[in-house]
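Student: sequence first, predicted model second:
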Amino acid sequence: MVRNSFLFDLDGTLVDSVYQHVLAWHEALRSEDIALSIWRIHRKIGMSGGLFADQLLREIDRPIDATMIQRLRARHAEAYHRLADDVVPLPGARELLETLTTMGVPWAIATSGRIETAGVNLRALGVDPDQNVVVTRDQVRFAKPDPDLFVEAARRLGVPIDHAIVVGDSVWDMLAAARCRALGVGLLSGGYGREELERSWALRVYDDPADLLHHLDEVSSRAYAADHPLG
């Protein structure tokens, strides 16, 4: 029997970092005299940098070239590092990963963040990218909502993508999961609503990693549920 594997987003899924990213992008945009409301920035967290730029072009009346994108990215990373002390694992995140490891369930992290910011989150979570499968934006051609991150994570785990469960907090995660025929499980811990995630083909929606851990038998293989009852 082919067993399930889990492919996790990082920001808003395993670590409480979405709003730090929002504030860091807000600061970076203001440095280029780009006025964009914080709520609009939040709606774009998790998508690729190129798509983020395309979305910006639709909302502001000025050109954005590749040089500006590079400046924005650098300033975002600088601002994000200043907020790094506030980044902590979401409730149940470490316990969820530890439980999957104990159960022998393969898992990986696939994030649209580049290593310059993802490294902060991985350290907060206690995950060593040299010991675990971690795929960042630097390592694939396209980020979410394209499925490249999750496909590469599954490849590195040596598992079929169509037997993987993608866990994420944004519609971009769920769309990427659907595009690679993985099952999408949504978490509310990144700020998106239940209906939004369900409309993006989330099979189940839970509050946060702790809630997913409590209901793991609803989404994991029945063989696991039988062998490792969660009470």
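Tutor: That came through, no problem. Numbering: from 1, shown residues only.
Student: what's the domain layout of the protein?
Tutor: Segmentation of the chain into domains, based on automatic domain parsing, reads 5-16+89-227, 18-85.
Student: of those, which stretch is the most buried?
Tutor: Highest mean neighbour count among those (mean count of other CB atoms under 10 Å): domain 5-16+89-227, with a mean of 20. Every residue, glycine included, has its C-beta placed from N, CA and C.
Student: hey, least reliable of the domains of the chain by pLDDT?
Tutor: In terms of mean pLDDT, the lowest-scoring of the domains of the chain is domain 18-85 (a mean of 85).
Student: what about it, distance to the chain center?
Tutor: Distance of domain 18-85 from the chain centroid (CA atoms, centre = their mean, to the nearest Å) equals 17 Å.
Student: next, the distance between the ends of it.
Tutor: 14 Å (CA to CA, to the nearest Å).
Student: quick check, Arg30 in a helix?
Tutor: Yes. Counting by DSSP: H, G, I helix; E, B strand; the rest coil, Arg30 falls inside a helix.
Student: and the gap between it and Gly46?
Tutor: Going from Arg30 to Gly46 by CB to CB, to the nearest Å gives 21 Å.
Student: which elements pack onto the top helix by length along the chain?
Tutor: In the chain, taking DSSP state H as the definition, the longest helix is helix 66-82. Secondary-structure packing of helix 66-82 (3 or more CB pairs under 8 Å, 6 or more residues apart in numbering; DSSP states H and E): helix 18-31, helix 49-59, helix 115-125.
Student: sheet partners, orientation included, of whichever helix or strand comes after that helix?
Tutor: Following helix 66-82 in sequence order, the next helix or strand is strand 88-89 (DSSP states H and E). Pairing partners of strand 88-89, with direction, according to DSSP bridges: strand 15-16 (antiparallel).
Student: quick one, what contacts the most centrally placed residue in the chain?
Tutor: Closest to where the C-alpha atoms of the chain average out (CA atoms, centre = their mean) is Asp9, at 2.6 Å. The neighbours of Asp9, taking CB atoms under 8 Å, 6 or more residues apart in numbering as the test, are Gly46, Ile109, Ala110, Thr111, Ser112, Val166, Val167, Gly168, Asp169, Ser170, Asp173.
Student: what's near enough to touch the fifth one?
Tutor: When the contact criterion is CB under 8 Å, 6+ apart, the partners of Ser112 are Asp9, Asp11, Gly46, Met47, Ser48, Arg137, Ala143, Lys144, Leu149, Trp172.
Student: repeat for Glu116
Tutor: Glu116 is in contact with Ala77, counting by CB under 8 Å, 6+ apart.
Student: phi and psi next, for the closest residue to Leu157 other than its chain neighbours.
Tutor: Spatially, and ignoring its direct neighbours in sequence, Leu157 is nearest to Pro106 (4.7 Å; CB to CB, 6 or more residues apart in numbering). For Pro106, the backbone dihedrals are phi -70, psi 140 (criterion: degrees, to the nearest 10).
Student: OK, contacts around Pro106?
Tutor: Arg3, Ser5, Phe6, Leu157, Gly158, Val159.
Student: quick check: the second one touching Ala164?
Tutor: Yes. Applying CB atoms under 8 Å, one finds Ser5 in contact with Ala164, separated by 4.9 Å.
Student: mutual contacts of the two, please.
Tutor: Overlap of the contact sets of Ser5 and Ala164 (by CB under 8 Å, 6+ apart) consists of Ala154.
Student: before we move on, the earlier item: possible to save the contacts of Pro106 as CSV with secondary structure and distance to Thr101?
Tutor: Shown next, in CSV, are the contacts of Pro106 (DSSP: H, G, I helix; E, B strand; the rest coil; distance: CB to CB, whole Å):
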residue, secondary structure, distance to Thr101
Arg3, coil, 14
Ser5, strand, 12
Phe6, strand, 11
Leu157, helix, 13
Gly158, coil, 16
Val159, coil, 15
